[in-house]
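1. sequence and computational prediction follow.
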Amino acid sequence: MSATSTPWALRGEVLRWGGDPFHTPPEQAIRFETDGAVVIQDGVIQAVGPAETTLAAYPGVPVTRCGDKLILPGFVDCHTHYPQTEIIASYGAQLLDWLNTYTFPEELRFADPAHAHRIAGRFLDTLARHGTTSASVYCTVHPESVEALFEAAAARNLRLAAGKMMMDRHAPEGLTDTPQTGYEHSKALLERWHGQNRLAYAISPRFAPTSTQDQLEAAGALWAEHPGALMQTHISENHKEIAWVADLFPEARDYLDVYQRAGLTGPGANFGHAIHLSDRECAALRETGAGVSHCPTSNLFIGSGLCDVHGLRAEGIPVGLATDVGGGSSFSMLTTMKAAYEIAQLRGVSLHPAQAYHLATQGSAQVMRMADKIGDLAPGLEADITILDPDATPILAARTRRADSISDLLFALMILGDDRAVWRTYSGGALIHDRDKADTLRATQLEEHRSSS
Ligand code: GUN
Ligand code: ZN
């Protein structure tokens, strides 16, 4: 595509990646400019670097000055459920009871396309408000729920992956498909949406307990026909779930083997949770090139366990960071980084802030096989950018004023920050959230909510 629009630039503190903080000393993985610039044209980053030299190559370029705010790659949430938006913060249940009590009844509502459209719009606005520019999203079993999300994402020009949940057993009537319809509906959605705008299709069998062997094989066949598509599912989240899978699939060596036998692992496979894996499963994830979504607020909130992120990364397995709303208790990737830090502490290791932000940006992009497009600030990448405000709240201002390094500043922001710390969000170079103008937007949403409920 030839360039058509005028270039423009952001100027402020700029953070980008110079390496993988799990495999190089974390401080060295961060490339930081205290006075940096990012030049953008046609939604794509043209140049990044020290402001003076970078801007000198673009005489007269309009510059948005961000002062001491922090310009960084947009957050990428590599596992979340938009139909669970309004059951976030549901009390008192662990995974299987939580699904039956809260999740399945809520997902039944998405048979109504009007409801799906309403929640899809609210969900994407909420992502933008939290600085999240991309996500890998589960819809419900209803194809209409996928249409609603993709339409809303296309209208906002977001880079998003999503798919229809495939479930042919152990779920209420009204939430199940069959191996045949699950395959056909997923295929039709994939062929319609994959590669449209900035959208990708993720084949989405929910998890082994809600699919028969036939359905998992149908999902595997569909992926084999469309290897450019993604595949997402849940694995090894909760002990009761794991025991149930062993009962349902006695011939499988372990949980991952259920998916492996159906052709559901490989590059572009995104396994959510992956907490209680055996050595064989870790080795097989690495050998097949699959990735893992770490969902720390969810793992704490529904009491699932402590994922060994450092161990997975040491094995060479790509890992991204994910909210897993509504099992997860926050839309904020900053809050999610905080939970990841706390989980690592409970495992006796410290998650360095460079590692946490890497998981939340480039790590998630790698899991979604999109690291050539998003997850960093570099020429040729799409201009998906989040700008954080170290002065967002009185305590943040007091604490960040004392920060003696970029790592310390990043750490304070991830421990104390939330959507208030997100000053602006840009998707493909377009402003999709401006905190200081969002009061008007919030009023509009409240109005809409009152009239719809
Ligand atoms: N396992 C199967 N479905 C789900 C879900 O919706 N959320 C979580 N956290 N785990 C699951
Ligand atoms: Zn999930």
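-> Yes, it's here. Ligands and ions are numbered 1, 2, ... in the order given.
2. so where's the protein shaky on pLDDT?
-> Across the chain, the ranges flagged by pLDDT under 70 are 1-3, 439-446, 448-453.
3. make it 80
-> For the chain, the stretches flagged by pLDDT under 80 are 1-4, 438-453.
4. who in it is up against ligand 2?
-> 272, 324 (C-beta under 5 Å from the ion). No exception for glycine: its C-beta is placed from N, CA and C like everyone else's.
5. does residue 102 really touch residue 86, like I thought?
-> No - contact between residue 102 and residue 86 fails when scored by C-beta atoms under 8 Å: they sit 10.2 Å apart.
6. quickly check: stretch 327-339 near ligand 1 or not.
-> Yes - interface with ligand 1: stretch 327-339 contributes residue 327 (C-beta under 6 Å from any ligand atom).
7. which residues sit against that stretch?
-> 75, 77, 80-81, 84, 88-89, 95, 98, 126-127, 129-132, 295-302, 321-323, 325, 351, 353, 356-357, 359-360, 413-415, 417-419, 421 (C-beta atoms under 8 Å, 6 or more residues apart in numbering).
8. quick one: buried residues of stretch 260-278?
-> Using 16 or more other C-beta atoms under 10 Å as the test for burial, stretch 260-278 gives 260-265, 268-277.
9. how about the CA coordinates for that stretch, as CSV?
-> C-alpha atoms of stretch 260-278 as CSV (Å, rounded to 0.1, in the frame of the first residue of the first chain):
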residue,chain,number,x,y,z
GLN,A,260,-2.3,-33.6,20.5
ARG,A,261,-4.1,-36.7,19.3
ALA,A,262,-6.7,-34.5,17.7
GLY,A,263,-4.1,-32.4,15.8
LEU,A,264,-4.7,-29.4,18.2
THR,A,265,-1.2,-28.4,19.0
GLY,A,266,1.5,-26.6,17.0
PRO,A,267,2.6,-23.0,16.2
GLY,A,268,-0.5,-20.8,16.7
ALA,A,269,-2.0,-23.0,19.4
ASN,A,270,-2.7,-20.9,22.5
PHE,A,271,-3.3,-22.9,25.7
GLY,A,272,-4.9,-21.0,28.5
HIS,A,273,-3.7,-21.5,32.1
ALA,A,274,-1.3,-24.5,31.8
ILE,A,275,-0.8,-24.6,35.6
HIS,A,276,-0.4,-28.2,36.5
LEU,A,277,1.6,-29.6,33.6
SER,A,278,3.7,-32.7,33.6
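10. overlap in contacts of residue 102 and residue 86?
-> Common neighbours of residue 102 and residue 86 (C-beta under 8 Å, 6+ apart) are residue 326.
11. settle it for me: which of the two has more neighbours?
-> More crowded of residue 102 and residue 86, by other C-beta atoms under 10 Å: residue 102, with 19 against 16.
12. the stretch 101-250 of the chain against ligand 1: which residues are in contact?
-> So the stretch 101-250 of the chain meets ligand 1 at 103, 206, 207, 234, 237 (C-beta under 6 Å from any ligand atom).
13. most neighbours among those, which one?
-> residue 237 (28 neighbours).
14. ok, the residue lying closest to that one once chain neighbours are set aside - contacts?
-> Nearest residue to residue 237, sequence neighbours excluded (C-beta to C-beta, 6 or more residues apart in numbering): residue 273, at 3.8 Å. For residue 273, the contact set (C-beta under 8 Å, 6+ apart) comprises 234, 235, 236, 237, 292, 293, 295, 298, 299, 304, 307, 324.
15. quick revisit: return the member of the buried residues of stretch 260-278 nearest to ligand 2.
-> Checking the buried residues of stretch 260-278 against ligand 2 with C-beta to the ion, the nearest one is residue 272 at 4.9 Å.
16. just checking, what packs against the host helix or strand of residue 216?
-> Residue 216 belongs to helix 213-225 when assigned by DSSP states H and E. Contacting helix 213-225 under the criterion 3 or more C-beta pairs under 8 Å, 6 or more residues apart in numbering; DSSP states H and E are the following elements: strand 165-166, helix 179-193, strand 199-205.
17. quick check: angle from the helix or strand just after it to strand 199-205?
-> Counting by DSSP H and E, the next helix or strand C-terminal to helix 213-225 is strand 230-235. Interaxial angle, strand 230-235 versus strand 199-205 (axes from the mean of the first three to the mean of the last three C-alpha atoms, to 10 degrees): 40 degrees.
18. this completes my enquiry, with thanks.
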